[in-house]
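Enquirer: Next come a sequence and a model predicted from it.
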Number of protein chains: 2
Amino acid sequence: MAKYMSMETLKFLLHDVHNVSELFDYDYFSEYDKDAVDILLDSTKDLADKAFYPYLREMDEQPAKYENGSIVVHPALGQMIKGYADLGLISGIFNYDDGGMQMPGMLLSSCNHIFDSANNSCIGYMGLTAGAANLIATFGSPELKNKFIPKMMTAEWMGTMCLTEPQAGSSLSDVTTSATPRDDGSYQIKGQKIFISAGDHQFADNIIHLVLARIDGAPAGTKGISLLAVPKKMPQNDGSLIPNDVITGGDFQKLGQKGYCTAHIIFGENDGCRGFLVGEAHKGLKYMFQLMNEARIAVGITGTSIATAAYYASLQYANERPQGRRIQNSGKKDVSAEQTLIINHPDVRRMLLLQKSIIEASLSLIFECSKAADIHRAADKEKAERYHLLLELLTPIVKTYPSEMGITSINNGLQILGGYGFTTDFPLQQYYRDIRICAIYEGTTGIQSLDLLGRKVPMKNGKALQILLEEIQGTMAAASTFNDLKPYVKDLASKLEMTQKILGHLMPYAMKGEYDRYLMDASLFMEFTSTVIIAWQWLKIATSSKQALVSGKTEYSAEFYESKIHTMKFFYKYELPKTLGLMDTLLDEQVLTIPEESKVTF
Amino acid sequence: MAKYMSMETLKFLLHDVHNVSELFDYDYFSEYDKDAVDILLDSTKDLADKAFYPYLREMDEQPAKYENGSIVVHPALGQMIKGYADLGLISGIFNYDDGGMQMPGMLLSSCNHIFDSANNSCIGYMGLTAGAANLIATFGSPELKNKFIPKMMTAEWMGTMCLTEPQAGSSLSDVTTSATPRDDGSYQIKGQKIFISAGDHQFADNIIHLVLARIDGAPAGTKGISLLAVPKKMPQNDGSLIPNDVITGGDFQKLGQKGYCTAHIIFGENDGCRGFLVGEAHKGLKYMFQLMNEARIAVGITGTSIATAAYYASLQYANERPQGRRIQNSGKKDVSAEQTLIINHPDVRRMLLLQKSIIEASLSLIFECSKAADIHRAADKEKAERYHLLLELLTPIVKTYPSEMGITSINNGLQILGGYGFTTDFPLQQYYRDIRICAIYEGTTGIQSLDLLGRKVPMKNGKALQILLEEIQGTMAAASTFNDLKPYVKDLASKLEMTQKILGHLMPYAMKGEYDRYLMDASLFMEFTSTVIIAWQWLKIATSSKQALVSGKTEYSAEFYESKIHTMKFFYKYELPKTLGLMDTLLDEQVLTIPEESKVTF
């Protein structure tokens, strides 16, 4: 079997760089230890090898399809769902009290990275089920929890999130699906939702849709949105299921992730659809954001994982394909010599290192975020609040960087294969298609960028940003104990100063009430900031590696640690300087993209 | 019909910015005038509307396929070939003496841009036929010319170029296809070629393959390569055709350009394949580079054109789709207001302007190169040599920039559509797939970059670079007559200084004989240089626009001209600053990608 991810790098990042064992000191996670973690990771890899990876190509070539009013997905999905549930991963995130495994999110993220690297069309089915059930667990009544959660934890029933409507797209203010109160306390639901991932398939007895809708008379905009649990089939007291007027209208055909169905769902076309309010009325969007934020990290994992699989596919090719000869110092080639492996061409090495520098630091950032979420769950109030704010700030970045730079990464992987990369004989072209959705899922890059600059940076008078700075400074202090790393500490410090300079330039616009101008180049600010954040992750990785080398750790080879330091240097040389151009643009006074000031004929 | 390219912008660039009429002063092109040009362009657009664009999606969904030893392509290709030949475009490039139309390359490039924007899977069939026939016309014996060219000009017979072999890929030194002299003066051919575009289909009575091969006893490396014309069927004296042991082994299935077949061709498996030497023995690679250089410009046209079609598709969506509301200066949104069209969101405008800034300047650069080729053909020796050197230097750039930045452009176009961009309901996902081959065709970006820095920059002691500088300075002088443009002249001048600084840093490595180090970051040098070249094109376009506004020209609206100037400003603000980071990396002393010095474990 081809290598599609690195267990060594995963474990190194989890245990050494991000020290998952710190979590085990909290009561909440005290049942876990390193062995338990490693056993689950190894079981996950085993399942991914056997039940996920072998269907990667088939699920692309035999996409989910709409037939006779239902969506049919690849038959192998059944065993994937079962295997995932059997490992306890759907119930992983739940408290013991709710029948869950109270598992660290860092561990769940690790497992999902393995599965997503093996076959990225599958984990969404399970992740949405867990997320939807967790939303009911957090905000639902005891009755609602009893009704849905037990069956969802075993994946007999599965779940979705239903936000997007045809006329509204990303604009949730314009959701029009209606919920009309009934005498029995439930609601009559009517409306259409599109782009519903995992919205219909043959491997669940029931699907519980978590739907954003407006209760009759609700105020306009997002303040009038409520969250309703709407089952595809209504459970009866005797345990039987009867249809609930939830109709599958179609399945979108897509560029990639073709095994992952994308449904059009019609609720209550025959006025026979009932749903249950989750929590209080009009608070639906706030509730949904629990799931949305989890889903944003999940998208980051997917982007990272597809790019990881692509990296190893391109690496294998580079290690096996002889072509051309090294350029001699004379500038000539010795054509009588054997051809060299293409991994020996500097430009191929550059493209490999670029990929490595993107994917490994992306995974590191995922652990940074998952750990913050775990501490938020487990720690005392003050510490929990600190890590909650850090997570809030990092969420748009962990969603965006692996999605956007994952495209760049795979683009370079495909290029390494030359003409073969464009053919369906190799998986690069599939990864190139599959990853493209990540920059769109759960809020496009433009929306994430507005969230970062417009909401997260100013949040609580910049407190989240302050916490982030302290975290980065902690890494810089640790790195500074090594002379070799000092130049990189200095480099990162200069990037922090540049960040201050940019914010010093932008903030006055916000203060003057010129919000449109403040946010005009939010996407560039996102690119700038996420590049700096990834540089921080690389300094963290390099510091751990250096510590291991100095202390003579032998868990991994010296070459392994040296390679991490080498890749850090690569990132600082080849990627971090992008910030120079971005700063130049961000400090420029010209207004070219705001309609009134830019009377351009397109 | 959806708009897929702009005739206005095309004609403005051709007539006003690049002044095609200057060519008509040469004897060689004296039969042409503005009217003749515009009539042909309009006829081309008409044919593209009727016979090309309507099959864009079908040719993607019903790819070329291999059946019973032959490749079958979409049936609509037949009328496209006929229409193209009937317009005189295959014979366009040939001298009157060879039965051609002695057409300016600028005009042919314009027509190909229109066709490629309409449907990018088609023009390769005709372009390769014209290119192959032109190679025979330039280097072949009168007998060979008579044998092949007349039938190729009418597209009854078509042509290909056969370079790549399975074991050699881009490394032409390792070509092993053999040519054994026969008593009758022809050669017996044996070998396999892959990735042969237009290599087999049902719409040509015969296909003339131009094959790189080694005559028995030839020296190793590229110095032992000869060029042979190998017909699929051997023409007999009575005009009949008999099979020539040229077997189609298969058709590669690809990520995109699925209507454009990609054959595996086996020559002489039964020892019955004959070919004809073109020109002298062992000079095949030099000859082939005539066609290769034409093909590289053609790839630039294809990249530009696909990205152009994608731009207009995303623009149409942005102009029709209401979603969300403009951010008010208060930072709030008025949810009671009507939704706005997404073109009014600054980030969408940024993505549109980014596309526009890439595609229009790419087309401008194509005219810069086509005009240099035309002057090279038509002018006296000294002037011809000057423009030949300019073309040599610009060829790797005109091939690479539209291919690489075309990907970025379409990526932004797709993003504008959000979730819909990922679905097969819209053409963006097809364009995103189709363009990906351009960075691989006819020498990958890595190879183009080595060509630029390793061969073209040092060529004739930097003479080509000197000529380019003079051309750029001419544009800067013209722009400087307008006060509004002076800041951009200054900006471009600083980029030229940066270029000198980078070359001042790199050249000593070449002089010291450290060629591997000199070329280590050639791809970054390509990105740097091509960005500066595109900034030059934008200054040229803006200057023409300014001249038109000042002189009160009314051929296009004032908004049209202002929009070009606006897009120039966009490029200088958002794209040109990338050079800062690239320079930082290029000046860095660290060596991280040369194998011996970079013992990285991947």
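Expert: Thanks, I have it.

Enquirer: From the chain's centroid, how far away is stretch A:452-468?
Expert: For stretch A:452-468, the distance between its averaged C-alpha position and the chain's averaged C-alpha position is 21 Å (C-alpha atoms, centre = their mean, to the nearest Å).

Enquirer: measure it end to end?
Expert: End-to-end distance of stretch A:452-468: 13 Å, with C-alpha to C-alpha, to the nearest Å as the criterion.

Enquirer: Please spell out which residues along that stretch are buried.
Expert: Burial within stretch A:452-468, assessed by neighbour count using 16 or more other C-beta atoms under 10 Å in any protein chain shown, is assigned to A:Leu452, A:Leu453, A:Gly454, A:Lys456, A:Val457, A:Pro458, A:Gly462, A:Ala464, A:Leu465, A:Ile467, A:Leu468. (C-beta placed from N, C-alpha, C; glycine too.)

Enquirer: quick one: A:Asp434 and A:Asn119 touch, right?
Expert: No - when contacts are counted by C-beta atoms under 8 Å, A:Asp434 is not listed as touching A:Asn119 (9.8 Å).

Enquirer: Closest one of the buried residues of stretch A:452-468 to B:Ile247?
Expert: A:Leu452 (58.2 Å; C-beta to C-beta).

Enquirer: Nearest spatial neighbour of the closest one, chain-adjacent residues omitted?
Expert: Distance criterion C-beta to C-beta, 6 or more residues apart in numbering or on different chains; nearest residue to A:Leu452, sequence neighbours excluded, is A:Pro396 at 4.3 Å.

Enquirer: Could you check the pLDDT of that neighbour?
Expert: Looking at A:Pro396, its pLDDT is 98.

Enquirer: angle of whichever helix or strand it is part of against helix B:381-416?
Expert: If you go by DSSP states H and E, A:Pro396 is part of helix A:381-416. Direction vectors for helix A:381-416 and helix B:381-416, defined by axes from the mean of the first three to the mean of the last three C-alpha atoms, to 10 degrees, enclose an angle of 140 degrees.

Enquirer: Pick out the most distant pair among the buried residues of stretch A:452-468.
Expert: Spatial extent of the buried residues of stretch A:452-468 (C-beta to C-beta) is set by the pair A:Gly454 and A:Ile467 at 18.6 Å.

Enquirer: which bits of the stretch 101-250 of chain A sit near chain B?
Expert: If contacts are counted using C-beta under 8 Å from any C-beta of the partner chain, the residues of the stretch 101-250 of chain A sitting beside chain B are A:Thr164, A:Ala168, A:Gly169, A:Ser170, A:Ser171, A:Ser173, A:Asp174, A:Ile194, A:Phe195, A:Ala220, A:Gly221, A:Thr222.

Enquirer: ok, these vs B:Gln429, which is closest?
Expert: For those, the residue nearest B:Gln429 by C-beta to C-beta is A:Phe195; the value is 14.7 Å.

Enquirer: doesn't A:Cys162 make contact with the closest one?
Expert: No - using C-beta under 8 Å, A:Phe195 is not in contact with A:Cys162, being 9.3 Å away.
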